[in-house]
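Visitor: Okay, predicted coordinates and the sequence, questions at the end:
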Amino acid sequence: MYSASFFNYYRIGRLIIGLTLFLSFQVSGIPSRIPNLVYVLLIYNFIALVRIFAKPMKINYFDFFFDIAFVSALVYLTVTTYSYLTLLYLFPIFFASVLIATRKIYVFPVTSAFLYAFVYYAGSVRLEAETLFNLSLHSLSFFLIALAGDTMKRRMETQDKQIARLEEERIRMQGYERLYRVSADLAHELRNPLASVSAAAQFLKEGRTDPDIIDMLDAETKRLSNLVNDFLFFSRPSDAPKESVDLSELVRIVVARQETEKHIISAVDDGAVVEANRTFLDVALSNIVRNGLEAARSLLKVTLHKSRRDLAVEVEDDGRGIDDDARDKIFEPFFTTKSGGTGLGLAISYRIITSYGGTTMVDRSPLGGARFTVTFPRKEG
């Protein structure tokens, strides 16, 4: 909310005003004629400086009343010399009207008007028609600046709500756009195997029972089943039961499970624990490791290292790497550079890892290929 930072600007601004007044009065030689003015300014600047460091995010009525009292003291000490100092009343009144609830803001112009009138009375200023006009004009200006500040506050709040609604609408439209794109990609992926299944069914109707037709029907049926299962996994809600998962053990299991002739180097720190669903996390890491193996020429390196706050799993290969254009799309559903891939593996991994507060990034590995870095917030356990 803007109010906290706005209040800090106010407290810094009044210290600047106080220091400026002190230096200006020193240069003009006023303290020699009004000695008490020095003490008032020193006390004010000291308290203003202390208030900057005292709970800077908390709005306190004391600050506004303190400034009104300070201005009243200045006006009292210079009432017959520097009448323009009454303009300083507008500073705390305006900021109070912006930062305080509407029904309470008018206590500050009332207080200012009362103290200003008292200063005139205490300063032995005669109550002539011009004086009464001056008091009335100042009181009116105090109320008008409070009203202006309150109006600005209301407009800022309305603007913030409108911006929030527009942002929600933008996010919702992006979700719809992504849904439409995924749906279109899914329809495209389903079309080819369905066409093959339809052709096989037609051949069977005609009495043709060639082994090739049966094999094609079996293969395309399995492909459809895998595609649907992957898509259901991708769209499954992320509110699966969570537990403390030993990430070190899980990474070792995922690496040991791979059946490959390529060389895998693993370096895993012990005691890495995250809060997640073990089954989902297993799928996410397995997809990334399997993707690295498929891209590697002969070497895959899997490491897990801990920092004070994060756990990072890196999967590096010595393949040809990922093009810059593909890098921006690699986690999107149905995006793939493989002839037989569905393009859902890395998208599923990205979705799972993100749902548990992790991040997934890809860049170039020192081995020459790609490096996937999965980072989780650390859970001590």
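Guide: Sure thing, it's come through.
Visitor: and the residue nearest to P193 when sequence neighbours are not counted, how far is that from E206?
Guide: Excluding the flanking residues, the one nearest P193 by C-beta to C-beta, 6 or more residues apart in numbering is E220, at 4.3 Å. Every C-beta, even on glycine, is put in place using the N, C-alpha and C of the backbone. For E220, the distance to E206 (C-beta to C-beta, to the nearest Å) stands at 18 Å.
Visitor: And the next helix or strand past the strand or helix carrying the residue nearest to P193?
Guide: If you go by DSSP states H and E, E220 is part of helix 211-235. Downstream of helix 211-235, the first helix or strand assigned by DSSP H and E is strand 243-246.
Visitor: helix or strand right after that following strand?
Guide: Next helix or strand after strand 243-246 toward the C-terminus (DSSP H and E): helix 247-257.
Visitor: buried residues in whichever helix or strand comes after that following helix?
Guide: Going down the chain from helix 247-257, the next helix or strand is strand 263-268, by DSSP H and E. By neighbour count on 16 or more other C-beta atoms under 10 Å, the buried set for strand 263-268 is 264, 268.
Visitor: Also stretch 312-325?
Guide: Going by neighbour count (16+ other C-beta under 10 Å), the buried part of stretch 312-325 is 312-319, 321-322.
Visitor: And for stretch 366-381?
Guide: Neighbour-count burial for stretch 366-381, counted by 16+ other C-beta under 10 Å, picks out 367, 369-376, 378.
Visitor: distance between it and the chain's centre?
Guide: Relative to its parent chain, stretch 366-381 has a centroid offset of 22 Å by C-alpha atoms, centre = their mean, to the nearest Å.
Visitor: what mean pLDDT would you report for it?
Guide: Averaging pLDDT along stretch 366-381 yields 83.
Visitor: Then stretch 84-95?
Guide: Mean per-residue pLDDT for stretch 84-95: 86.
Visitor: hmm, who's touching that stretch?
Guide: Under the contact criterion C-beta atoms under 8 Å, 6 or more residues apart in numbering, stretch 84-95 has outside partners 6-7, 10, 13-14, 17, 63-64, 67-68, 71, 74-75, 78, 108-109, 112, 116, 138, 141-142, 145-146, 148-149.
Visitor: Tell me the buried residues within the residues you listed.
Guide: The neighbour count (16+ other C-beta under 10 Å) marks 7, 10, 14, 17, 63-64, 67-68, 71, 74-75, 78, 108-109, 112, 116, 138, 141-142, 145-146, 149 as buried among the contacts of stretch 84-95.
Visitor: what's the spacing between whichever strand or helix holds V289 and its chain's center?
Guide: Using DSSP H and E, V289 falls within helix 278-295. Mean-position distance between helix 278-295 and its chain equals 29 Å (C-alpha atoms, centre = their mean).
Visitor: what does stretch 37-57 give?
Guide: On the basis of C-alpha atoms, centre = their mean, stretch 37-57 sits 34 Å off its chain's mean C-alpha point.
Visitor: Give me the domain ranges for this protein.
Guide: Residue ranges for the domains of the chain, per automatic domain parsing: 2-165, 181-235, 243-377.
Visitor: Please work out which of these is packed deepest.
Guide: domain 243-377 (a mean of 18; mean count of other C-beta atoms under 10 Å).
Visitor: Quick one: end-to-end length of it, please.
Guide: For domain 243-377, the first and last residues are 14 Å from each other (C-alpha to C-alpha, to the nearest Å).
Visitor: Can you verify I322 is assigned to a helix?
Guide: No. Secondary structure assignment (DSSP: H, G, I helix; E, B strand; the rest coil) places I322 in coil, not in a helix.
Visitor: Pull the contacting residues for it.
Guide: Contacts for I322 (C-beta under 8 Å, 6+ apart) come out as 330, 362, 364, 370.
Visitor: next one: D282
Guide: Here D282 is in contact with 250, 253-254 (criterion: C-beta under 8 Å, 6+ apart).
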